[in-house]
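Asker: need a structure here:
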Amino acid sequence: MTPIMIAALGLLMVATAFLSGLFGMAGGLILIGVLLALMPLPTAMVLHAITQMASNGWRAFLWRAHIRWRPVANYMVGAAVALAAWSITRYVPDKPMALLLLGITPFMARLLPSNIKPDPDRLWQGSVYGTICMGLMLMTGVSGPLLDTFFLGGDFGRREKVATKAMCQLVSHFTKLVYFGGIIDQAASLDPVLAGVAILASMLGTTLARRILEAMTNQQFVAWSNKLINTIACYYIAYGADRGYVARETIAGLGLVIAVTEGGERFLRANGR
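Answerer: Alright, predicted model coming up:
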């Protein structure tokens with residue numbers, strides 16, 4: 001990879017880590033989409049894992065006083081179950097499938113009935129969420145929007161949510177690195193210079209976001225998170241449709257899923273679907 005490309009990716013990683021530092025997600029959604037467009041899927045997954053491990057690990061360190069460790073431990077049990085199951089088949093999704101699932105994941109998470117509020121402190125609920133989120137992580141590279149629902153039944157402020165989720169994500173991305181970097185048949189390798197740039201850029205972006213997160217209210221945090229995720233997810237679905245990755249019938253079905261949110265409804269009207 002050329003020095004100019006490495007520098008450009010470094011700037012992108014700073015920006016996406018900044019977004020994730022504010023909202024605990026969104027940055028990873030953007031970054032994996034760009035990496036999938038530039039690289040083979042296993043390589044994109046490995047680089048994304050290293051970047052997100054640095055971002056989430058540094059975020060967890062900065063907010064370490066706010067981490068709730070019991071939900072993290074419960075989540076780790078489920079992640080281990082998922083890795084064991086996927087290691088049997090060594091399945092690697094193709095790019096179209098990964099991009100499509102990347103777009104619909106946030107809306108799928110919101111289909112959960114409003115009266116279902118998982119308790120992160122319960123072992124069986126944390127294990128189930130860890131298994132599902134880790135499976136999604138190995139399909140798309142991210143699981144943030146679904147992982148957010150893991151905290152619905154707990155009393156989490158924005159700092160506790162960002163810190164605890166960062167630890168869960170650190171576990172997930174490390175597991176993804178192990179899977180795509182060593183377990184699958186076409187395991188990926190990575191330029192050490194690019195890996196170093198990814199780590200430093202992620203730490204910088206995360207650090208820059210801390211002061212702004214301190215100034216935000218919980219209401220602002222939730223409102224801006226929803227708007228950002230809706231916009232990114234709708235773009236990925238539109239991108240997949242325009243590129244002909246999926247049939248019209250599939251897109252029509254996805255439209256029903258997207259329509260359950262206000263942002264999705266505006267997207268459908270704007271695109272005549």
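
Asker: Just the element for the residue lying closest to Ser55 once chain neighbours are set aside, please.
Answerer: Leaving aside its chain neighbours, Ser55 sits nearest to Ser202 (3.8 Å; criterion: Cβ to Cβ, 6 or more residues apart in numbering). Where you see a C-beta, it was placed from the backbone N, CA and C, and this is true even at glycine. Assigned by DSSP states H and E, Ser202 belongs to helix 192-215.

Asker: Counting by contacts, list what the following helix or strand past that helix packs against.
Answerer: Moving toward the C-terminus from helix 192-215, the next helix or strand (DSSP H and E) is helix 218-242. Counting contacts by 3 or more Cβ pairs under 8 Å, 6 or more residues apart in numbering; DSSP states H and E, helix 218-242 packs against helix 3-23, helix 27-38, helix 95-109, helix 248-258, helix 262-270.

Asker: I'd like to check the angle between helix 218-242 and helix 95-109, please.
Answerer: 140 degrees (axes from the mean of the first three to the mean of the last three Cα atoms, to 10 degrees).

Asker: Now helix 218-242: average pLDDT?
Answerer: Mean per-residue pLDDT for helix 218-242: 73.

Asker: burial count for the residue nearest to Ser55?
Answerer: Ser202: 30 surrounding residues under other Cβ atoms under 10 Å.

Asker: can you tell me which residues contact it?
Answerer: 13-14, 17, 51-52, 54-55, 58 (Cβ atoms under 8 Å, 6 or more residues apart in numbering).

Asker: Mind picking the two most distant members of these?
Answerer: Between any two of the contacts of Ser202, the greatest separation by Cβ to Cβ is 13.6 Å, found for Val14 and Gln52.

Asker: Between the two, which has more neighbouring residues?
Answerer: Remark: of Val14 and Gln52, Gln52 carries more neighbours, 32 against 20, as counted by other Cβ under 10 Å.

Asker: quick one: the more buried one and Thr43, what's the gap?
Answerer: Distance check for Gln52 against Thr43: by Cβ to Cβ, to the nearest Å, it reads 15 Å.

Asker: Repeat that for Leu147.
Answerer: In this structure, Leu147 and Thr43 are 24 Å apart, going by Cβ to Cβ.

Asker: Likewise for Pro120?
Answerer: 33 Å.

Asker: Identify each buried residue in stretch 67-83, please.
Answerer: Buried residues in stretch 67-83, counted by 16 or more other Cβ atoms under 10 Å: 67-68, 71-76, 78-83.

Asker: Kindly report the same for stretch 40-51.
Answerer: 41-51.

Asker: Identify those among those residues that sit within strands.
Answerer: Counting by DSSP state E, the buried residues of stretch 40-51 place none of their members in strands.

Asker: which ones among these are found in helices?
Answerer: Using DSSP state H to define helices, the subset of the buried residues of stretch 40-51 located there is 41-51.

Asker: Export the residues you listed as CSV, with columns for distance to Leu177 and pLDDT.
Answerer: CSV is the format used below for these (distance: Cβ to Cβ, whole Å; pLDDT from 0 to 100):
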residue, distance to Leu177, pLDDT
Leu41, 14, 88
Pro42, 11, 91
Thr43, 12, 92
Ala44, 12, 92
Met45, 8, 93
Val46, 6, 93
Leu47, 10, 93
His48, 9, 93
Ala49, 4, 94
Ile50, 7, 93
Thr51, 10, 91
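
Asker: List just the nearest of these to Ala198.
Answerer: Taking Cβ to Cβ as the measure, Ala198 lies nearest Thr51 of those, at 4.3 Å.

Asker: how near is the nearest residue to that closest one once chain neighbours are set aside to Leu83?
Answerer: Distances taken as Cβ to Cβ, 6+ apart put Ala198 closest to Thr51, at 4.3 Å, once the chain neighbours are dropped. Ala198 sits 22 Å away from Leu83, going by Cβ to Cβ.

Asker: Name the SS class of the nearest residue to Tyr179 once chain neighbours are set aside, please.
Answerer: With Cβ to Cβ, 6+ apart as the criterion, Tyr179 has its nearest non-adjacent residue at 5.9 Å, and that residue is Leu138. Using DSSP: H, G, I helix; E, B strand; the rest coil, the secondary structure recorded for Leu138 is helix.

Asker: how many other residues sit next to Leu138?
Answerer: 24.

Asker: close enough to count as contact, it and Lys176?
Answerer: Yes. Judged on Cβ atoms under 8 Å, Leu138 makes contact with Lys176 at a distance of 6.3 Å.
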